[in-house]
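Student: coords please:
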Amino acid sequence: MRGFPAALPTSRIPDSSSAPAISWGIAGPGWIAERFTESVQAHTHQRITAVGSRSAERAAAFARTYGIATSHGSYAELAADPEVDIVYVATPHPQHFEVAMTAIEAGKHVLVEKPMGITGEQVRLLAEAAAECGVFAAEALWTFFLPKFDVIDQLLEAGVLGEIVSVFAEYGEYFEPGHRIFDPALAGGPLLDLGTYPLAFVNRVLGVPDTVAAIGSPHPSGVNGQLSAVLGFGSGAQGTVNTNLYNFTPTEAVIVGTEATLRIDGLFNMPGGFTLRHSDGRELRYEEPAGAHFEGLHFEAAAVARAITAGLKQAPQRSLADSITTLDLADEIRARTGISFPDTITASRE
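Tutor: Numbering: from 1, shown residues only. Below you'll find the predicted structure:
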């Protein structure tokens, strides 16, 4: 497809309802687990058979709400449940490592909400453990499982944009006071909650940067309030990222090439459209109904079920190497901006 195409390629993502059913356990009955469960139950034939929490009452309430057969009062009990094939880890992200490791060591596959850990080293340890135990492990960065990103991948693979010279991505959002994003003890601030999306997007398009420059500013709560990073690559390409927790931004993403530019509508990380524009003014438009978690989370569940059924140990849409790359970059940005997170496990486990 060298040169500007006459038409956009078609997404190769199958209907989620056609994916083989496996049995899921939900670890952490919070907001994202609610959205995941609603989307999966509405759009797939996956079986959500159990839910676990540190609070038996919360787990039982979640189970009642969503018609789930079994609830557990600990993550260890959930991991030991023989009716569970895979644990979807939806706890606050400082708990991702321990909860995912507990499931892996119990022989369960895992799909871990983004970010998969709070350091690159944590994800390395999870990847090593999954390989040793022979189980599937992936990060639930749902954006890259959406149909539009399959179309974008095809355009990039075909070289339609020419040489990529710049990638811009940003994500800002308003949060009510008291939200966990303002809690330093929960690794708060926008870097992991929101910044994972633009950082992962730049990594996906351009790879690993050679140079990183970053600035940040504090929020009165004690977390970082806003940061910007400029990433330099050996090809001469540059990536620019901004994220903040003060208010909503367009949340767009743009890939600039020597032949064409691809602009993804905001919110770029959710279902929606994009425009491919040639340097001579020709345009092609990809239309996908705009939506949010209900319309999109089922794609990752279906893709994971297909991968596990096929005997794969990682998700092609989001490899563990890619998850490590993004968190390594977040680690470097934290070092350059003075952002500190709670103590983390980075070398071994007792």
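Student: and Pro14, what element?
Tutor: Under DSSP states H and E, no helix or strand contains Pro14.
Student: Ala200 versus the most centrally placed residue in the chain, what's the distance?
Tutor: Nearest to the mean C-alpha position of the chain, counting by C-alpha atoms, centre = their mean, stands Leu141 at 1.8 Å. Separation of Leu141 from Ala200 (C-beta to C-beta, to the nearest Å) stands at 6 Å. In short, each C-beta sits where N, CA and C put it, glycine included.
Student: Now for those two: what residues contact both?
Tutor: Taking C-beta atoms under 8 Å, 6 or more residues apart in numbering as the contact rule, the neighbours common to Leu141 and Ala200 are Lys114.
Student: With Gly234 as the reference, measure out to Arg336.
Tutor: Using C-beta to C-beta, Arg336 is found at 20 Å from Gly234.
Student: Could you check which of the two is surrounded by more residues?
Tutor: Taking neighbours as other C-beta atoms under 10 Å, Arg336 and Gly234 compare with Arg336 leading, 15 against 11.
Student: didn't that one look like it was pressed against Asn224?
Tutor: No - if you go by C-beta atoms under 8 Å, Arg336 and Asn224 don't touch, sitting 11.7 Å apart.
Student: Now stretch 178-197 - C-alpha only, PDB.
Tutor: C-alpha atoms of stretch 178-197 as PDB (Å, rounded to 0.1, in the frame of the first residue of the first chain):
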ATOM      1  CA  GLY A 178     -11.100  13.000  47.200                       C
ATOM      2  CA  HIS A 179     -10.400  10.900  44.100                       C
ATOM      3  CA  ARG A 180      -7.500   8.400  44.600                       C
ATOM      4  CA  ILE A 181      -5.500  10.300  41.900                       C
ATOM      5  CA  PHE A 182      -4.800  12.900  44.600                       C
ATOM      6  CA  ASP A 183      -3.400  10.400  47.100                       C
ATOM      7  CA  PRO A 184       0.400  10.200  47.100                       C
ATOM      8  CA  ALA A 185       0.200   6.800  49.000                       C
ATOM      9  CA  LEU A 186      -1.600   5.400  45.900                       C
ATOM     10  CA  ALA A 187       1.000   6.600  43.400                       C
ATOM     11  CA  GLY A 188      -1.300   9.400  42.500                       C
ATOM     12  CA  GLY A 189      -0.900  12.100  39.900                       C
ATOM     13  CA  PRO A 190      -1.700  11.900  36.100                       C
ATOM     14  CA  LEU A 191       1.400  10.000  35.000                       C
ATOM     15  CA  LEU A 192       0.100   6.500  35.500                       C
ATOM     16  CA  ASP A 193      -3.600   7.000  35.400                       C
ATOM     17  CA  LEU A 194      -3.700   9.200  32.300                       C
ATOM     18  CA  GLY A 195      -0.200   9.500  31.000                       C
ATOM     19  CA  THR A 196       0.100   5.800  30.300                       C
ATOM     20  CA  TYR A 197      -2.100   6.300  27.200                       C
END
